[in-house]
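1. Return atomic coordinates for the entry below.
(chains A and B)
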Amino acid sequence: MSGVRAVRISIESACEKQVQEVGLDGTETYLQPLSMSQNLARLAQRIDFSQGSGSDDDDAPADGDAHDWAGTGAGPGAEQDEDEGLVKFQPSLWPWDSVRNNLRNSLTEMCVLYDVLSIVRDKKFMTLDPVSQDALPPKQTLQLISKKKSLAGAAQILLKGAERLTKSVTENQENKLQRDFNSELLRLRQHWKLRKVGDKILGDLSYRSAGSLFPHHGTFEVIKNTDVDLDKKIPEDYCPLDVQIPSDLEGSAYIKVSIQKQSPDIGDLGTVNLFKRPLLKSKPGSPHWQTKLEAAQNVLLCKEIFAQLSREAVQIKSQIPHIVVKNQILSQPFPNLQLSISLCHSSNDKKSQKSTTEKQSPEDHLYVLEHNLHLLIREFHKQTLSSIMMPHPASLPFGHKRMRLSGPQAFDKNEISSIQSTEGLLEKIIKQAKHIFLRSRAAATIDSLASRIEDPQIQAHWSNISDVYESSVKVLITSQGYEQICKSIQLQLNIGVEQIRVVHRDGRVVTLSHQEQELQDFLLSQMSQHQVHAVQQLAKVMGWQVLSFSNHVGLGPIESIGNASAITVASPSGDYAISVRNGPESGSKIMVQFPRNQCKDLPKSDVLQDSKWNHLRGPFKEVEWNKMEGRNFVYKMELLMSALSPCLL
Amino acid sequence: MYVMHNSEHPLSCFALFENGPCLIADTNFDVLMVKLKGFFQSAKASKIETRGTRYQYCDFLVKVGTVTMGPSARGISVEVEYGPCVVASDCWNLLLEFLQSFLGSHTPGAPAVFGNRHDMVYGPADTMVQYMELFNKIRKQQQLPVAGIR
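-> Just a heads-up that it's a prediction; the model follows:
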């Protein structure tokens, strides 16, 4: 405050009166200021006489309010004074006192402010430190411009992203037509083993990893297909990847196993019967390289099978040597029967496609055996990887584990042969073919007999469960209408590789060779025996007595097939007897024995004196069997029996 | 050391010393010996072999062979084997009886192999020892062929 010049302040009180109204032309009419008495009355109204001195507090803020109006006018100032005069007992000051006080206070304040600012300006004892405060809101145009800029930046980023997305979508659509080489390669890798050698990609389609020992390399090459013209429309089946298979595995192949009745001339051998089987339909959706590779793998497998078979055909000694000519192996499992195994490999040249296909009968090609060959070679593959072979020392050849001990433990020939499986692929397939042939021939024999002969009926029940080398059939010989009575002939035929073993119901075992005539003869003899057995059973039912029965009679003409059987039965009363002789060739002969008193042309003799002897049975008379009523033998026999046993009352 | 082969055990090779151990090995043993050629000297004696027919009579195995050394025949060897028995002492009497039936007076006595180990299990090595003794005997003889029977 020292050294501060005195400040002159001029104050003028605004003697303004309150406006009552403003006229239309702008003139103002003022309120007349309150006169002294009016003022007093107003103030008196405001006094609350009930409160007394306790009203000091209430009135203090009213004072404060009154003070605030300090600089506004004399009217309020006058009120102030009077307020003060009434409420507080204060010495009345001159009207400008409050104003003066306020001014003085403000001057003080200003001086202090001025001092502070001068000290702060020196920055020696005090500095101004700005307080972070909200930025002042900029002007509107600035705001607009900055918003526009930031929006443009965001839009820029979004547009860039959208552009990228549209580009990738269009690329994908393009790629559907033009598949990427790498993605195709990935698909190829899922199915086949590939490896990279230099700058070539090679693959392996041989069975070596599955245990095969075939020396074919079986490698295919994967090449990029670049011969597409981008200007033209890309074809539907376009593939950027192509596989190149070895030239000797091209096309398709299969092994044909067939059995022929007649053996061809030697000159005919070597006529390679190649013809195209319709190509296997590839799975829809599988790429063309998959079908190509699968076909090549099949060709390789067929080659391996054929190589193994031909090797065995040459090496293994058999009674009838096998002939290996070009792509055919011929062998004779049975006399007059020829088995031919041939490798039919047709490449996809145009030449072979034009050649007409040979007419072949569907029964000729034994598909079962072809399938079995595939299975057998796979079996062989698995054996090389089985635990009895692997792991093996590097210095020893592939073989059974126990063979490694054969040297140090001095195995003799029996022991060695027991370890090694002696049967090769060829022998197995020949055995299977023999069995199939024998079975079909046995079935044909039984069927022909069944269709030819009506009287005893022959039924064959083939077993569902069969082996590659063995099947069985149950043959029943019955008479129609009398199945429950005459069921004594039941035969179980076990058809093996070279023989048929028959087991009879009564326990007899008969071994038949592969000749079909033997089976036929045997069945015929059994049929004739059945007739006689039927009579025996019938006699039991009808009450007739069996006097004699023989399965193989030694009397009468000799049969060329089997033996004749005979039976004699007598009626319940004893009057009549029927004698039956049945042979496979000679047929049936039935004689009836009558009592003596019914025969007219008997020589009278003196030996028999009593008439009771005339009740005995006498001579025989033959029955004309073919004129007999009845649809089959047993029916006729029943009628005869019933005719000969009269009902007596 | 003698290296011998027996067609009865086609995949084995026998290497034996006199009065010493007998090794039964794989056929690769021959190849091994060829490779070890530098480390030993092969005896000058030429190869002896006996070759003949093999007869099987129920449980008996009879092998009659001609012993040849080089181009000249030196003798006849007869081998009788009784299959079911592996203990020598149990079946020697049976063998003797069998031999007597067709050899008559030439029946030999019990082989030396049986001497020490009568009750031990007989093995192919014992057969080879017997053959070795027989061949040595034949080798020592003069040119005149004498029937040596074992």
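
2. For chain B, which helix or strand comes out least confident on mean pLDDT?
-> When the helices and strands of chain B are scored by mean pLDDT, DSSP states H and E, helix B:112-116 comes last with a mean of 68.

3. where along the stretch 251-400 of chain A do the helices fall?
-> A:288-315, A:350-354, A:367-384 (DSSP state H, counting those that start in this stretch).

4. three-state assignment of the residue in the stretch 401-550 of chain A that chain B sits nearest to?
-> Closest to chain B within the stretch 401-550 of chain A is residue A:407: 3.1 Å, counting by C-beta to the nearest C-beta. Bear in mind the C-beta positions are built from the backbone N, C-alpha and C, glycine included. What DSSP: H, G, I helix; E, B strand; the rest coil gives for residue A:407 is coil.

5. For beta bridges, what are the partners of the nearest residue to it once chain neighbours are set aside?
-> Spatially, and ignoring its direct neighbours in sequence, residue A:407 is nearest to residue B:26 (3.1 Å; C-beta to C-beta, 6 or more residues apart in numbering or on different chains). The partner list for residue B:26 in beta bridges (DSSP bridges) reads residue B:12.

6. Please read off the pLDDT at residue B:26 from the model.
-> Residue B:26 carries a pLDDT value of 88.

7. How about the one 4 residues further on?
-> At residue B:30, the pLDDT value in this model is 88.

8. how deep is residue A:638 tucked in, by neighbour count?
-> Neighbours of residue A:638 under the rule other C-beta atoms under 10 Å in any protein chain shown: 20.

9. pLDDT score assigned to residue A:570?
-> For residue A:570, the model assigns a pLDDT of 94.

10. And for it, the neighbour number?
-> Neighbours around residue A:570, by other C-beta under 10 Å: 19.

11. again with the one 10 residues further on
-> When neighbours are counted by other C-beta under 10 Å, residue A:580 registers 24.

12. And the next helix or strand past the helix or strand that contains it?
-> Counting by DSSP states H and E, the element that carries residue A:580 is strand A:577-583. With elements assigned by DSSP H and E, the helix or strand that comes after strand A:577-583 is strand A:587-595.

13. partner strands of that following strand, parallel or antiparallel?
-> strand A:577-583 (antiparallel), strand A:617-622 (antiparallel).

14. averaging pLDDT over each of those strands, which comes out lowest?
-> Mean pLDDT, when computed for each of those, is lowest for strand A:617-622, at a mean of 89.

15. List the contacts of that one.
-> With contacts defined as C-beta atoms under 8 Å, 6 or more residues apart in numbering or on different chains, strand A:617-622 is touched by A:570, A:574-577, A:579, A:589-596, A:598-599, A:602.

16. make it 7 Å
-> A:577, A:579, A:589, A:591, A:592, A:593, A:594, A:595, A:596, A:599, A:602 (C-beta atoms under 7 Å, 6 or more residues apart in numbering or on different chains).

17. Run the chain-centre distance for the helix or strand that it is followed by.
-> Scanning forward in sequence from strand A:617-622 by DSSP H and E, the next helix or strand is helix A:633-644. Counting by C-alpha atoms, centre = their mean, to the nearest Å, helix A:633-644 is centred 65 Å from the centre of its parent chain.

18. quick one: helix A:633-644 to strand A:577-583, angle?
-> For helix A:633-644 against strand A:577-583, the angle by axes from the mean of the first three to the mean of the last three C-alpha atoms, to 10 degrees is 160 degrees.

19. What mean pLDDT does helix A:633-644 get?
-> Helix A:633-644 comes out at a mean pLDDT of 92.

20. got the contact list for the closest residue to chain A within chain B?
-> Closest approach between chain B and chain A, counting by C-beta to the nearest C-beta: residue B:26, at 3.1 Å. The neighbourhood of residue B:26, defined by C-beta under 7 Å, 6+ apart, consists of A:407, A:408, B:11, B:13.

21. The last one: neighbour count?
-> Here the number of neighbours of residue B:13 (other C-beta under 10 Å) works out to 23.

22. can you check the second one too?
-> A count of neighbours around residue A:408, defined by other C-beta under 10 Å, yields 15.

23. Remind me which helix or strand the residue of the stretch 1-150 of chain A found nearest chain B belongs to.
-> As assessed by C-beta to the nearest C-beta, chain B sits closest to residue A:150 within the stretch 1-150 of chain A, at 89.1 Å. In this structure, residue A:150 sits in helix A:140-177 according to DSSP H and E.

24. Show the subsequent helix or strand relative to that helix.
-> helix A:181-191.

25. Buried residues in that next one, which are they?
-> By neighbour count with 16 or more other C-beta atoms under 10 Å in any protein chain shown, helix A:181-191 contains the buried residues A:184, A:187, A:188.

26. now for that helix, which elements pack on it?
-> strand A:241-244 (3 or more C-beta pairs under 7 Å, 6 or more residues apart in numbering or on different chains; DSSP states H and E).
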